[in-house]
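Visitor: sequence and predicted model, in that order:
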Amino acid sequence: MEIRTDWTFDAIKTIYRRPLFDLIYEARTVHKHYHDANEVQVCSLISVKTGNCQEDCGYCPQSARYQTEINKHSLLSKDEVMGYAQSAKDMGATRVCLGAAWRRVRDNKEFDQMVDIVHSVSQLGVEVCCTLGMVTAEQATRLKEAGLYAYNHNLDTSREFYQEIISTRSYDDRLNTLENIRQANIKVCCGGILGMGESEDDRVAFLHTLATLPEHPESVPINALVPVKGTPLENQKRIEIWDMLRAIATARIIMPGSIIRLSAGRAEMSLAEQAFCFFAGANSIFAGEKLLTTPNADFDEDMFLFEKLSLTPRPSYKGVIKTTTPINPVETLGEQSL
Ligand code: SAM
Ligand code: DTB
Ligand code: SF4
């Protein structure tokens, strides 16, 4: 159960293909050695700049190339963002992710403003994550100095399938930004989307790429595609829960110390399906009425589920400690009760 970055594709495929109950049982065992077993982190998303993006990501309602019904707006003021961030904190979020529909960060006034926003939000005592597109090493360093905790930059799928979904940038562009973030000593948040029409091998290859990066991303968002009207993927069939579970459990086993975030797509999942995802190793959600542009799961229902499953919110800035004994072991029954 050591943390390894030398996984082979075949080893991961074997894990992924195991009988589902065996796969989840192993994932749960690994989970209990690396994480407080019944903790789930509550995060919040704020779309600080929405729409008009130059990229052509086939899943994304924010690309300027597609006709979608979103509320486009330029970069929000610091006061507006602080208002949303404070509400997110009040609701119980310990991590706030600021998303901008940019292809890449440019060294201009807007970036200066973004750096200032990061600084102020980090003063609230929440983990601040940003997702602003491609960044250089220098830009990453500026964000780090402003107090940025993590940067989200998804690989989204396998290298092979990537070009079917996006033509305006390459997989290597993504990897390059991830390296710049690492160099700046910012925590890496990198995951992907399931249900874009990729094959099982694409999913395994995607997980393989994540688990063989020089260091595992500390945070791995697993999104189920939200098909949005007007995007090329609007008619994609919803991913089956069984495939979500396999991907989450496999990610948990091969990247034991990472936080696996059950991200987009929860609004379409039943509470029982979501509970199953937590059991398979997911330990974070985005809460609040919206993701970036699409509706999210209902907050009251999230809290209801936490209560039913006796889950507690994970505090901010919590590191990972590997123990030799499971954290929160199930108490064994005494002789007399048998
Ligand atoms: N522009 C930046 C970038 O591409 O890195 C940041 C924002 S982008 C919206 C962040 C991530 O949201 C994408 O990498 C993708 O994984 C996810 N995403 C976007 N649209 C989605 C959709 N319709 N369903 C599920 N996930 C989606
Ligand atoms: C991630 O992997 N998922 C979040 C976060 N990182 C930025 C975004 C999901 C966006 C879903 C589509 C939307 O609401 O626009
Ligand atoms: Fe732009 Fe990011 Fe959407 Fe791609 S995923 S179109 S880069 S906002």
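Guide: Perfect, I can see it now. Residues are numbered from 1 along each chain as shown. Ligands and ions are numbered 1, 2, ... in the order given.
Visitor: quick check: residues of the stretch 151-300 of the chain near ligand 1?
Guide: By Cβ under 6 Å from any ligand atom, the part of the stretch 151-300 of the chain that sits against ligand 1 consists of 153-154, 156, 193, 223, 225-226, 228, 264, 292. C-beta coordinates here come from the backbone N, C-alpha and C atoms, glycine included.
Visitor: which of the residues you listed are buried?
Guide: Using 16 or more other Cβ atoms under 10 Å as the burial test, those include 153-154, 156, 193, 223, 225-226, 228, 264, 292 as buried.
Visitor: would you turn these into a markdown table with pLDDT and secondary structure?
Guide: Putting these into a markdown table (pLDDT from 0 to 100; DSSP: H, G, I helix; E, B strand; the rest coil) gives the following:
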| residue | pLDDT | secondary structure |
| --- | --- | --- |
| H153 | 98 | coil |
| N154 | 98 | coil |
| D156 | 98 | strand |
| I193 | 98 | strand |
| N223 | 98 | strand |
| L225 | 98 | coil |
| V226 | 97 | coil |
| V228 | 97 | coil |
| A264 | 97 | coil |
| L292 | 97 | coil |
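Visitor: any idea which of those residues is closest to E179?
Guide: H153 (10.3 Å; Cβ to Cβ).
Visitor: what's that closest one in contact with, if anything?
Guide: 131, 134, 174, 177-178, 181, 188-190 (Cβ atoms under 8 Å, 6 or more residues apart in numbering).
Visitor: give me the number of residues near the residue nearest to E198 when sequence neighbours are not counted?
Guide: Computed as Cβ to Cβ, 6 or more residues apart in numbering, the closest residue to E198 that is not its neighbour in sequence is F161, at 4.7 Å. Residues near F161, counting by other Cβ atoms under 10 Å, number 21.
Visitor: same check on A272?
Guide: A272 is flanked by 9 other residues according to other Cβ under 10 Å.
Visitor: how about the one 5 residues further on?
Guide: Using other Cβ under 10 Å, C277 is surrounded by 24 other residues.
Visitor: how about it, nearest residue that isn't a chain neighbour?
Guide: L262 (5.0 Å).
Visitor: okay, and the beta partners of that neighbour?
Guide: I222, I285 (DSSP bridges).
Visitor: for the biggest strand by length in the chain, what is the distance to the chain centroid?
Guide: Longest strand in the chain, counting residues (DSSP state E): strand 39-49. In terms of Cα atoms, centre = their mean, to the nearest Å, the gap separating the centre of strand 39-49 from the centre of its chain is 10 Å.
Visitor: state the mean pLDDT of that strand.
Guide: When pLDDT is averaged over strand 39-49, the result is 97.
Visitor: run through the neighbouring helices and strands of it.
Guide: helix 78-91, strand 95-100, helix 109-122, strand 259-262, strand 284-286, strand 312-313 (3 or more Cβ pairs under 8 Å, 6 or more residues apart in numbering; DSSP states H and E).
Visitor: ok, which of those comes nearest ligand 3?
Guide: Nearest to ligand 3, of all the helices and strands packed on strand 39-49, is strand 95-100, at 7.5 Å by Cβ to the nearest ligand atom.
Visitor: and the angle from the closest one to helix 78-91?
Guide: Strand 95-100 and helix 78-91 are oriented at 150 degrees to each other (axes from the mean of the first three to the mean of the last three Cα atoms, to 10 degrees).
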